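Student: here are the coordinates; sequence isn't available:
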């Protein structure tokens, strides 16, 4: 059972990644979820969820139907503030990491308040950012404090017993906790990109790492860890930001990976870039699903292609998509560090990008646009550059410095082509949008960091209208802004983050 923050639901899947069902739906009513984080099961098999965005905990039956809920926003005994993790002890009591209130709260299995402990601070028994809780066979409560980089241990009544990681050097932003039946402690050491196994007394035992040649590469964002009850001594690691589950056996070796949850056709998981084909159909890079999906003008699902893997025609976190005049579909296959080309029907045609030459090798976050004369412009975020290919897939040139001072291009993301003149319009991690000529020379820069009209925080998607107006999707300001071709602010779409009419939640792609 997986919590999906962007989807506002829980995913129930089989061990091979096959979809079983969704639990909940986005919203704030009973049975609806907003940015759910932690999930646990009680002795009766009920699913307990930290409904983070709604400041509450919800409980569902095994079949996914709503059972009951408790909590509301605040800091009183019956209130919570962005709870991020839940655990259930042997009595069925629910232990909650009440992250926003810097404390731990304990409720009965029926949602009755029992006690709370902890407060904001750095001393023993205090928390800066408690993000994960777990219990051992003696009902001792373990709390991962991301803010102080340590694990604290309490007895079942909330009395402080000990701390693991007192020096602040053992962990770096620990985000996940699990304890097996023998008392061994597993920590998702997020900032150090690893999972640690500790002995019951808190001393080091070993490190779980994933080799770079495994599907999806080495660990990048281990945020949750769970005991794999189907494999003695095994664990399950969740990497939310790159959509991967890793099963590791008792020998700390990878036994299986799930690179995508196989949702039904027509459903999206972390959609990224999008575009239109010649018929007005919407072509979407379904990044979390490792596939491309195509929808009609009315939103009806038409077809899809791709699927997780490294072979030609398979995809790993596709970030962007474009369609040429002949209907061929170009895909920024970010996780595989390459560009793939498909026929309008979705048949694999060719690929380019992989290179033995280190200077020519693409990074793992890619965006693209199609320019005149068959050129393919690739925004290579990790390598701070644009790479321009010809139609055959050979590199024509790269752009890594811009302007008279030759300032280094910083974390370029979305790129679009002005249909009037072939200029390249580029979003950058410096919270600016650059306009470059076809030769790569800087013509104009729009915006700076901020919240006001004409300012940006996390510009990602860009598009250019036929009249030259520039449209920008801002991931962290949760809005879309439009500018004239000269950079004058025109209007904005979206108000505050949300799911209501006229609102956005981390918009990334547009067309």
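Tutor: Yes, it's here. Computed from a prediction, not measured in an experiment: that's the story for all the values here.
Student: quick one: the helices in the stretch 351-500 of the chain, in order.
Tutor: Taking DSSP state H, counting those that start in this stretch, the stretch 351-500 of the chain contains no helices at all.
Student: where does the prediction get shaky in it?
Tutor: Scanning the stretch 351-500 of the chain for pLDDT under 70 picks out no residues.
Student: would you map the strands across it?
Tutor: 366-370, 376-380, 385-389, 395-399, 401-402, 407-408, 412-417, 424-428, 432-436, 442-446, 459-464, 470-474, 479-483, 489-493 (DSSP state E, counting those that start in this stretch).
Student: could those go into JSON lines alongside distance to residue 136?
Tutor: Any C-beta I mention is one placed from the backbone N, CA and C, and that applies to glycine too. Formatted as JSON lines, the strands of the stretch 351-500 of the chain follow (distance: least, C-beta to C-beta, whole Å):
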{"stretch": "strand 366-370", "distance to residue 136": "44"}
{"stretch": "strand 376-380", "distance to residue 136": "46"}
{"stretch": "strand 385-389", "distance to residue 136": "50"}
{"stretch": "strand 395-399", "distance to residue 136": "54"}
{"stretch": "strand 401-402", "distance to residue 136": "55"}
{"stretch": "strand 407-408", "distance to residue 136": "50"}
{"stretch": "strand 412-417", "distance to residue 136": "44"}
{"stretch": "strand 424-428", "distance to residue 136": "47"}
{"stretch": "strand 432-436", "distance to residue 136": "50"}
{"stretch": "strand 442-446", "distance to residue 136": "55"}
{"stretch": "strand 459-464", "distance to residue 136": "43"}
{"stretch": "strand 470-474", "distance to residue 136": "44"}
{"stretch": "strand 479-483", "distance to residue 136": "46"}
{"stretch": "strand 489-493", "distance to residue 136": "50"}
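Student: which stretch among those strands comes nearest residue 284?
Tutor: Residue 284 sits nearest to strand 459-464 of all the strands of the stretch 351-500 of the chain, at 12.3 Å, using C-beta to C-beta.
Student: picking up where we left off before, nearest to residue 337, of the strands of the stretch 351-500 of the chain?
Tutor: So among those, strand 366-370 is nearest, using C-beta to C-beta, at 7.4 Å.
Student: could you list the paired strands of that closest one along with their orientation?
Tutor: Taking DSSP bridges as the criterion, strand 366-370 sits next to strand 376-380 (antiparallel) in its sheet.
Student: need the strands of the stretch 351-500 of the chain in a markdown table with mean neighbour count and distance to residue 22, can you?
Tutor: Output for these, formatted as a markdown table (neighbours: other C-beta atoms under 10 Å; distance: least, C-beta to C-beta, whole Å):
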| stretch | mean neighbour count | distance to residue 22 |
| --- | --- | --- |
| strand 366-370 | 26 | 30 |
| strand 376-380 | 26 | 33 |
| strand 385-389 | 21 | 39 |
| strand 395-399 | 16 | 43 |
| strand 401-402 | 18 | 45 |
| strand 407-408 | 12 | 44 |
| strand 412-417 | 25 | 30 |
| strand 424-428 | 26 | 32 |
| strand 432-436 | 21 | 37 |
| strand 442-446 | 18 | 40 |
| strand 459-464 | 24 | 27 |
| strand 470-474 | 25 | 26 |
| strand 479-483 | 21 | 28 |
| strand 489-493 | 14 | 29 |
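Student: who does residue 380 form a beta bridge with?
Tutor: Beta bridges link residue 380 to residue 366, residue 385, judged by DSSP bridges.
Student: hmm, residue 412 and it touching each other?
Tutor: Yes: if you go by C-beta atoms under 8 Å, residue 380 and residue 412 touch, sitting 7.4 Å apart.
Student: shared neighbours, the two?
Tutor: Shared contacts of residue 380 and residue 412 (C-beta atoms under 8 Å, 6 or more residues apart in numbering): residue 386.
Student: endpoints of stretch 433-452, how far apart?
Tutor: 15 Å (C-alpha to C-alpha, to the nearest Å).
Student: now stretch 453-461
Tutor: Stretch 453-461 has its terminal residues 17 Å apart, counting by C-alpha to C-alpha.
Student: give me the contact list for it.
Tutor: Here stretch 453-461 makes contact (C-beta under 8 Å, 6+ apart) with 273, 413-414, 427-428, 431-433, 446-451, 472-477, 481, 483, 489, 492, 507-510.
Student: distance between that stretch and the chain's centre?
Tutor: For stretch 453-461, the distance from its own C-alpha centre to the chain's C-alpha centre is 19 Å (C-alpha atoms, centre = their mean, to the nearest Å).
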